[in-house]
Every structure is written in structure tokens, then in C-alpha cells.
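Trainee: okay, sequence plus prediction incoming.
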Amino acid sequence: MSKPVASILAAVLTLAPFTTALAQPEGATPATPRRIDLKSLSPEALDKFLKESFQRTDKNGDGFIDYSEAPEKRVTKTKNGQTMSETGGKDLWIADYDENKDKKVSWDEYRKFTVAMVKRAPR
């Protein structure tokens, strides 16, 4: 699973919608989102964070993230020295995570891919 660091960081950003809700006390609605440094979490806290983000994405609760539930993948590109971010689509997101190529992402696939990204991402 060799990918450029920019691609890895872009994939980690797919977790961004979940960072605000999980970083705040229950019922809080902050004016500005707060980010969580995933590398600083203990293995147990990281698993809990990832499980909650997986469950929020798995809207029908069947234990899989399929095309209808998948987030749009953010792709970061550098052109003329300028970094740009654009949407790459749900197909690309599923392709990154879907190890057995069944067009849906299980909890194990999600966890394995995301933990590997977190480990490889620079601080």
C-alpha cells in the first residue's frame, strides 16, 4: 500500500467531519471545529475514535460502508507550487479501503487502512 504522503494526508482528512463531534462534550455545538491529533491517541483511544467514525458513516447500521454511505475522497494536488484540494469521488474512497474488492468497506478494512495511514503520516 505505497502512496505519496499527500495522498495519505488527504485520506486522513476524510475523518474531518467526525473530529468536531468527538472532540467536544456531548451536546456542545462549537463555533469553530477542533481537530484531534490522531497520532497522539493511545491505541485504545484511536480504536474508539475510529469505531465511532465508522458507525457514524455506516448510516444503515449493517456493518459496512457502501457507495451510498461513503464520503467523497479529498485529493490534494500540487500545481505550479500551489497545493489544491478537490473531490475525487466515492469510488476512490471505497477503492482505498476495500481490501477484498466487494464494493463495500467492513469495520476491519476501515480500521486497518486508517491505522496504517495514521502511522505513516508525519507529525
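Mentor: Looks like it came in fine.

Trainee: which stretches of this structure form strands?
Mentor: Counting by DSSP state E, the chain has these strands, from start to end: 64-65, 73-79, 82-89, 105-106.

Trainee: packing partners for the first one?
Mentor: So the one you mean is strand 64-65. If you count contacts as 3 or more C-beta pairs under 8 Å, 6 or more residues apart in numbering; DSSP states H and E, strand 64-65 packs onto strand 105-106. For glycine as for every other residue, the C-beta is placed from the backbone atoms N, C-alpha and C.

Trainee: name the strands paired with the strand it packs on and say parallel or antiparallel.
Mentor: Using DSSP bridges, strand 105-106 pairs in its sheet with strand 64-65 (antiparallel).

Trainee: same question for the partner strand, mean pLDDT?
Mentor: The average pLDDT within strand 64-65 is 98.

Trainee: return the distance of it from the chain's centre.
Mentor: 13 Å (C-alpha atoms, centre = their mean, to the nearest Å).

Trainee: low-confidence stretches in this protein?
Mentor: 1-34, 85 (pLDDT under 70).

Trainee: for it, which segments are assigned as helices?
Mentor: Using DSSP state H, the helices found in the chain span residues 5-12, 16-23, 43-57, 90-97, 107-120.

Trainee: returning to that earlier point: same list (the strands of the chain) but as JSON lines, adding distance to D47 and mean neighbour count.
Mentor: Shown next, in JSON lines, are those (distance: least, C-beta to C-beta, whole Å; neighbours: other C-beta atoms under 10 Å):
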{"stretch": "strand 64-65", "distance to D47": "17", "mean neighbour count": "22"}
{"stretch": "strand 73-79", "distance to D47": "23", "mean neighbour count": "15"}
{"stretch": "strand 82-89", "distance to D47": "27", "mean neighbour count": "12"}
{"stretch": "strand 105-106", "distance to D47": "15", "mean neighbour count": "22"}
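
Trainee: mind giving me TSV with the ones you listed and columns for distance to K39?
Mentor: Output for the strands of the chain, formatted as TSV (distance: least, C-beta to C-beta, whole Å):
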stretch	distance to K39
strand 64-65	23
strand 73-79	18
strand 82-89	21
strand 105-106	22
